[in-house]
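A.B. asks: Predicted model and sequence below, questions to follow.
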Amino acid sequence: MSSPQVESDASFVERHGLWTDQQFEAAQHADRLIEEKGLEVVRVSFADQHGILRGKTLLASEAPRALRNGCSITTTLLAKDTAHKTVFPVFTPGGGFGMPEMQGGGDFLMVPDPTTFRILPWATNTGWVLSDLYFADGKPVPFSTRRLLQHALGRLGDAGFELRSGLEVEFHLFKLEDARLRPAESGWPGEPPEVTMIAQGYQYLTEVRYDRLEPLIEAIRRDLLALGLPLRSTELELGPSQCEFTFHPEMGLASADTMTLFRSAVKQICRRRGYHASFMCRPKIAHTMSSGWHLHQSLAARGSPVNAFAAADGLSPAGRQYLAGLLANAAAAAAFSTPTVNGYRRYRPYSLAPDRANWGHDNRGVMIRVIGGRTGDSATRLENRVGEPAANPYLYIASQVAAGLDGIARALDPGPSADAPYDVAAPALPKSLAEALAALKCNACFREAFGDAFIGYFVQIKEAEIARFDAEVTDWEQREYFDLF
């Protein structure tokens, strides 16, 4: 990376050589936009361990300095599970992380990536920028998931490739009836909102049913395009109030940033209009269907637009090895592609969702669907159908890169195509988050790619969520035992 010559009053970014020339140019462009568009505030955000955006809102006058010197924010945000409860002993030596920088609830810095700067179309005079996390001495925070994906992409580059990926995301849109804001409902976490459907389901891709969702989808679509996201299509899914958005393929880090901004944007746009958007895999609402996140991916030779998966006689050797790596590491990768207790409700046979680690040519019942691999098509790619839309985009995509590289490094073979995906013998996918975490703990590929410290950190957070789930008395238990015994 390059930077201007460091002077005595050099910024944090300059002192530590954090930006490329492109980022310095983007920062100057952001400065001009802030002034020319009369922005009043700028939201500085980072994606936490769950892929949820956290951050601070700065007055526009502070933004140029914050772009170059960072914005302080508490380290305890990396210690929280999905209930926003701290699961590490942050006031002990090392803060429970084994690092003095994370001890005592101190601060680290959000250093914006100015290439991600945008103006929010739904919020008045508001800018928005994504950040990476650094300690005060300029060292990157090792538990920053955006940084982990950058590292994985660096390893991919060392192997001579670049990643191209595209998003296909299912989610639900509901009418908000009761936000549940009474004091007694404000727990930790609070009571979920009460909602109603905005369309009935089971008329997959019918135009009339889509038209009933269109007034809200139109508002979302216009704002996403104004935000600069590469939206490709908006579609009606099978379930009531369920839809699917797809995005054009992007190179490197861009798809993960797109997914992070997309989810946050949709939730904000909907809430301002009296609706509730949910990327939860299977909401506990009568007749809802499970939602998935299908990740399309291929490799290009580094510095070349040529698809490294395409071959005249089918999927290239590199493509087959990458595919085999995804299959070989599928059980452990599920912890990243399906990181919630709820997401495993979706892994069911004969449901257009996978339940085992297999692949097939243009088959929607397999885990990995090979598209175009029989024709030498330049758009040849792998579609991983295993993910849930609540997954952290950086970890999901990084896990794919790491697993694919493992397959290439070991020259693995994926075996034959599964033309009857729910009948062919293949390793079963985990049936629960606990099973996925058990597979992750002993997976050499991800320990090498992410490091033992991160794997231990991630597992501890997820096991805390499972422990809280196991401690709850469920509706099923109440129905089954309360009257009988």
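C.D. replies: Right, received. Where do you want to start?
A.B. asks: Okay, buried residues for the strand ranked longest in the chain please.
C.D. replies: With DSSP state E applied, the strand covering the greatest number of residues in the chain is identified as strand 161-178. By neighbour count, and taking 16 or more other CB atoms under 10 Å as the criterion, the buried residues in strand 161-178 are 161-176. No exception for glycine: its C-beta is placed from N, CA and C like everyone else's.
A.B. asks: Then stretch 323-338?
C.D. replies: Of the residues in stretch 323-338, those buried by neighbour count under the rule 16+ other CB under 10 Å are 323-338.
A.B. asks: Distance-wise, check A199 relative to L238.
C.D. replies: A199 sits 12 Å away from L238, going by CB to CB, to the nearest Å.
A.B. asks: Settle it for me: which of these two has more neighbours?
C.D. replies: For A199 versus L238, the count of surrounding residues by other CB atoms under 10 Å is larger for A199: 20 against 15.
A.B. asks: Now do the SS call for the more buried one.
C.D. replies: Secondary structure, DSSP: H, G, I helix; E, B strand; the rest coil: A199 is coil.
A.B. asks: How confident was the prediction at it?
C.D. replies: As summarised for this prediction, A199 has a pLDDT of 93.
A.B. asks: Make sure it is actually in contact with R209.
C.D. replies: Yes. A199 is within contact range of R209, at 5.7 Å (criterion: CB atoms under 8 Å).
A.B. asks: so the closest residue to A328 other than its chain neighbours is in which element?
C.D. replies: Using CB to CB, 6 or more residues apart in numbering and skipping residues adjacent in sequence, the residue nearest A328 is L412, 5.8 Å away. When secondary structure is defined using DSSP states H and E, no element contains L412, which sits outside every helix and strand.
A.B. asks: what's the burial count for L412?
C.D. replies: Other residues within reach of L412, judged by other CB under 10 Å, total 20.
A.B. asks: Which positions in stretch 39-56 come out as buried?
C.D. replies: 39, 41-56.
A.B. asks: picking that back up, hmm, the residue nearest to A328 is touching N329, no?
C.D. replies: No. Under the criterion of CB under 8 Å, L412 makes no contact with N329, lying 9.9 Å away.
A.B. asks: anything in contact with each of those two?
C.D. replies: Counting by CB atoms under 8 Å, 6 or more residues apart in numbering, the contacts common to L412 and N329 are D406.
A.B. asks: Okay, now the unreliable bits of the stretch 1-150 of the chain?
C.D. replies: Per-residue confidence of the stretch 1-150 of the chain (counting by pLDDT under 70) places the weak regions at 1-8.
A.B. asks: Can you show me the helices along it?
C.D. replies: When secondary structure is read from DSSP state H, counting those that start in this stretch, the stretch 1-150 of the chain shows helices at 12-16, 21-36, 63-69, 145-158.
A.B. asks: Pull the contacting residues for the residue nearest the centre of the chain.
C.D. replies: Within the chain, the residue whose C-alpha comes closest to the C-alpha centroid is P393; the distance, by CA atoms, centre = their mean, is 1.7 Å. Contacts for P393 (CB under 8 Å, 6+ apart) come out as A47, G51, S255, A256, D257, M259, T260.
A.B. asks: make it 7 Å
C.D. replies: P393 makes contacts with G51, A256, M259, T260, as judged by CB atoms under 7 Å, 6 or more residues apart in numbering.
A.B. asks: related to what we said a few turns ago, just the ones of the buried residues of stretch 323-338 in strands?
C.D. replies: Among the buried residues of stretch 323-338, no member falls in strands (DSSP E).
A.B. asks: related to what we said a few turns ago, could you dump the helices of the stretch 1-150 of the chain into JSON lines and include distance to N125 and mean neighbour count?
C.D. replies: Listed next are those as JSON lines, based on distance: least, CB to CB, whole Å; neighbours: other CB atoms under 10 Å:
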{"stretch": "helix 12-16", "distance to N125": "25", "mean neighbour count": "18"}
{"stretch": "helix 21-36", "distance to N125": "10", "mean neighbour count": "15"}
{"stretch": "helix 63-69", "distance to N125": "12", "mean neighbour count": "20"}
{"stretch": "helix 145-158", "distance to N125": "27", "mean neighbour count": "20"}
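A.B. asks: For T115, which of those helices is the nearest?
C.D. replies: Between T115 and the helices of the stretch 1-150 of the chain, the shortest separation by CB to CB is 4.5 Å, and it involves helix 21-36.
A.B. asks: Going by contacts, tell me the helices and strands next to the closest one.
C.D. replies: Using 3 or more CB pairs under 7 Å, 6 or more residues apart in numbering; DSSP states H and E as the contact criterion, the secondary-structure elements in contact with helix 21-36 are helix 63-69.
A.B. asks: so what secondary structure elements neighbour the helix it packs on?
C.D. replies: Of the remaining helices and strands, those touching helix 63-69 by 3+ CB pairs under 7 Å, 6+ apart are helix 12-16, helix 21-36.
A.B. asks: ok, back up a step: which one, of the helices of the stretch 1-150 of the chain, ends up nearest to Y134?
C.D. replies: Nearest to Y134, of the helices of the stretch 1-150 of the chain and by CB to CB, is helix 12-16 at 7.4 Å.
A.B. asks: For L326, see how far away A311 is.
C.D. replies: 18 Å.
A.B. asks: Please disregard the earlier target; I meant N358.
C.D. replies: Counting by CB to CB, the separation of N358 from L326 is 11 Å.
A.B. asks: In this structure W293 contacts A390, no?
C.D. replies: No. At 8.3 Å, W293 does not count as touching A390 under the criterion of CB atoms under 7 Å.
A.B. asks: give the contact list for V370.
C.D. replies: Counting by CB under 7 Å, 6+ apart, V370 touches L315, W359, G360, H361, D362, L382.
A.B. asks: what's the closest non-adjacent residue to S316?
C.D. replies: The nearest residue in space to S316 (CB to CB, 6+ apart) is F309, at 5.5 Å.
A.B. asks: Just send the helices and strands packed on helix 63-69 back as a markdown table, with distance to D483 too.
C.D. replies: A markdown table is the format used below for the helices and strands packed on helix 63-69 (distance: least, CB to CB, whole Å):
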| stretch | distance to D483 |
| --- | --- |
| helix 12-16 | 63 |
| helix 21-36 | 63 |
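A.B. asks: before we move on, what SS does G239 have?
C.D. replies: Secondary structure assignment for G239 (three-state DSSP): coil.
A.B. asks: W293 and A390 - which one has more neighbours?
C.D. replies: In this comparison of W293 against A390, neighbours counted by other CB under 10 Å, the higher total goes to W293 at 27 against 22.
A.B. asks: Tell me how far that one lies from F279.
C.D. replies: W293 sits 8 Å away from F279, going by CB to CB.
A.B. asks: what sits in contact with each of the two?
C.D. replies: Any residue near both W293 and F279 by CB under 7 Å, 6+ apart counts here, and that gives P389.
A.B. asks: List the contacts of E40.
C.D. replies: Here E40 is in contact with A60, N125 (CB under 7 Å, 6+ apart).
A.B. asks: switch to 8 Å and redo it
C.D. replies: Each residue near E40 by CB under 8 Å, 6+ apart is listed here: L59, A60, T124, N125, T126.
A.B. asks: Could you do E383 as well?
C.D. replies: The contact partners of E383, by CB under 8 Å, 6+ apart, come to E168, H294, L295, H296, Q297, I368, R369, V370, I371.
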